[in-house]
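**Q** Okay, sequence plus prediction incoming.
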Amino acid sequence: MSRILVLNCGSSSVKWRLFHGSDTAGKGLVERVGSGGPADHEAALASILSSVDLSGLAAVGHRVVHGGDRFSAPTIVTDEVIAAVRDLVPLAPLHNPANLTGIEVARRLLPDVTQVAVFDTAFHRTMPAWARAYAIDTSVADRWGIQRYGFHGTSHEYVSRRTAALLGREVTDTNVITLHLGNGASACAVKGGRSLITSMGMSPLEGLVMGTRSGDIDPTIIFHLRRVGGLDVDQIDELLNRRSGLVGLAGDNDMREIIARRDAGDAAATLAFDMYCQRIKGYVGAYAALLGRVDAVTFTAGVGENAAPVRAAALAGLTAFGIAVDPDRDDGARSGERIISPDGAPVAVCVVPTDEELEIAIQTRGVLEADRAPSEQR
Ligand SMILES: Nc1ncnc2c1ncn2[C@@H]1O[C@H](COP(=O)(O)OP(=O)(O)O)[C@@H](O)[C@H]1O
Ligand SMILES: CC(=O)OP(=O)(O)O
Ligand SMILES: [Mg+2]
């Protein structure tokens, strides 16, 4: 069985995992790599690639955050694909540059190995027109490619599929609201296994309150900061992407710290926590309305998998919607895939650890098999 290396080059970390079939043959995480610029990522990757036994490698699968309009499926990397990913850097400034560094270093060090890009945006290409469009002049939107793309698709896809399995249902007959709460955070309404709508938009800045990103704001704030505050667009971009969200409200983007400070009565941390959780609740209510029937609400990623106080606060007071967490089932003693709602509740509330690396490996293998199939038939 051939082996696949998966690289998830994030804005501040590099996660890697080596798969032998669906078994993990090795994995690692290098954190806090972004501050010294791309050289940091290069050095981290070079050291990973030199420390791992890469014999018999069939492919490298890369997480690429923004695939724009162009990519609706995992794709073999060519010079042209790299150029397209580079063109999208302005729409994912924290992510696409790191993803590109990963691809370029892997290509240089493993020139004979197939590289596959797996896009965060691909899962959301099924969104209907009303979910994809913004209500601005259509000719302007078309000219500049302004639309909702959505992100964390690999995670929303994997987690919604696992949720259906956990409930013993077919994914095609299951409606799930997935809440990916990591450093970046997004909600997705998954209807019968397909993305109906998601909270991130043209870029990973829209939607929920995040570690360093504002999520939803009135666009007039940007005009005001420009016209009255005298900030230029790069400063506003930096403010909203890197100095907002939990860090802007309470000076820390680690939810563990926010919760500890809130428990100690800190006002800024309490406000940050409340805004974070109430924003989630608003999206859950909206997505329940848009789905019509909700079978499950599922929490995932660093905050979603680990922070019981966030789960409790985000879903508090939703019993009228059939949504409730049973505190005895969410007491912090359980881990792994689990149901935390009361028996017989109309909506199952679940925790499902995400596995973007496994999903990327599965999709990478699928591309290799599809690539080989035509020549084998000849
Ligand atoms: N036990 C925990 N309680 C609350 N938050 C946690 C816990 N463990 C991790 N986190 C949060 O998870 C976040 C990272 O999530 P992760 O999904 O790894 O993010 P990313 O992939 O975007 O870097 C951290 O910012 C941290 O605040
Ligand atoms: C798209 C995105 O926000 O990714 P991450 O959560 O890894 O920052
Ligand atoms: Mg992540």
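**A** All right, it came through fine. All values reported here derive from a predicted model rather than from experimental measurement. Ligands and ions are numbered 1, 2, ... in the order given.
**Q** List phi and psi for residue 71.
**A** Note on residue 71: backbone dihedrals following degrees, to the nearest 10 are phi -110, psi 120.
**Q** What is the neighbour count of the residue lying closest to it once chain neighbours are set aside?
**A** Distance criterion Cβ to Cβ, 6 or more residues apart in numbering; nearest residue to residue 71, sequence neighbours excluded, is residue 119 at 4.9 Å. Heads up, the C-betas are built off the backbone N, CA and C, glycines and all. The number of residues packed near residue 119 is 29, by other Cβ atoms under 10 Å.
**Q** so what's residue 44 up against?
**A** Residues in contact with residue 44 (Cβ atoms under 8 Å, 6 or more residues apart in numbering) are 14, 30, 33.
**Q** For these, give me JSON lines that also has neighbour count, pLDDT and secondary structure.
**A** Formatted as JSON lines, the contacts of residue 44 follow (neighbours: other Cβ atoms under 10 Å; pLDDT from 0 to 100; DSSP: H, G, I helix; E, B strand; the rest coil):
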{"residue": "14", "neighbour count": "23", "pLDDT": "88", "secondary structure": "strand"}
{"residue": "30", "neighbour count": "19", "pLDDT": "84", "secondary structure": "strand"}
{"residue": "33", "neighbour count": "23", "pLDDT": "72", "secondary structure": "coil"}
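**Q** nearest to residue 332, of those residues?
**A** Nearest to residue 332 among the contacts of residue 44 is residue 30, at 28.5 Å by Cβ to Cβ.
**Q** Run a quick check on that closest one versus residue 10, I expect a contact.
**A** No. Between residue 30 and residue 10 there is no contact under Cβ atoms under 8 Å: 10.0 Å.
**Q** State the mean pLDDT of the one helix or strand residue 247 maps to.
**A** Using DSSP states H and E, the element containing residue 247 is helix 245-250. Mean pLDDT, helix 245-250: 98.
**Q** Just checking the distance from the lowest-mean-pLDDT helix or strand in the chain to the centre of its chain.
**A** Lowest on mean pLDDT, DSSP states H and E among the helices and strands of the chain sits helix 38-51, with a mean of 79. In terms of Cα atoms, centre = their mean, to the nearest Å, the centre of helix 38-51 is set 23 Å apart from its chain centre.
**Q** Check what pLDDT the most centrally placed residue in the chain gets.
**A** For the chain, the residue sitting closest to the mean C-alpha position, by Cα atoms, centre = their mean, is residue 152 at 2.5 Å. Listed pLDDT for residue 152 reads 97.
**Q** give the contact list for it.
**A** Neighbours of residue 152 in contact, by Cβ under 8 Å, 6+ apart: 120, 180, 184, 186, 188, 198, 200, 301.
**Q** and these, which two are the farthest apart?
**A** Across the contacts of residue 152 (Cβ to Cβ), the longest gap, 14.1 Å, separates 198 and 301.
**Q** Look up phi and psi at residue 63.
**A** Residue 63 adopts backbone torsions of phi -70, psi 130, taken as degrees, to the nearest 10.
**Q** Neighbours of it, how many?
**A** Residues contacting residue 63 under the criterion other Cβ under 10 Å number 24.
**Q** Give me the pLDDT for it.
**A** The predicted local confidence for residue 63 is 97.
**Q** looking at it, it is touching residue 154, isn't it?
**A** Yes. Residue 63 is in contact with residue 154 according to Cβ under 8 Å; the separation is 7.0 Å.
**Q** Return the set of buried residues in the least confident helix or strand of the chain.
**A** Using 16 or more other Cβ atoms under 10 Å as the test for burial, helix 38-51 gives 40, 41, 42, 44, 45, 48, 49.
**Q** contacts with ligand 2 among these, please.
**A** Taking Cβ under 6 Å from any ligand atom as the test, ligand 2 is in contact with none of those.
**Q** Turn the residues you listed into a markdown table, columns for distance to residue 309.
**A** Output for the buried residues of helix 38-51, formatted as a markdown table (distance: Cβ to Cβ, whole Å):
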| residue | distance to residue 309 |
| --- | --- |
| 40 | 34 |
| 41 | 34 |
| 42 | 39 |
| 44 | 33 |
| 45 | 36 |
| 48 | 35 |
| 49 | 40 |
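**Q** On the three-state scheme, the residue in the stretch 251-378 of the chain positioned nearest to ligand 1 is what?
**A** Scanning the stretch 251-378 of the chain for proximity to ligand 1 using Cβ to the nearest ligand atom identifies residue 302 as nearest, at 2.0 Å. At residue 302, secondary structure determined by DSSP: H, G, I helix; E, B strand; the rest coil is helix.
**Q** Quick one: neighbours of the nearest residue to it once chain neighbours are set aside, just the number.
**A** Distance criterion Cβ to Cβ, 6+ apart; nearest residue to residue 302, sequence neighbours excluded, is residue 182 at 4.7 Å. Residues near residue 182, counting by other Cβ under 10 Å, number 20.
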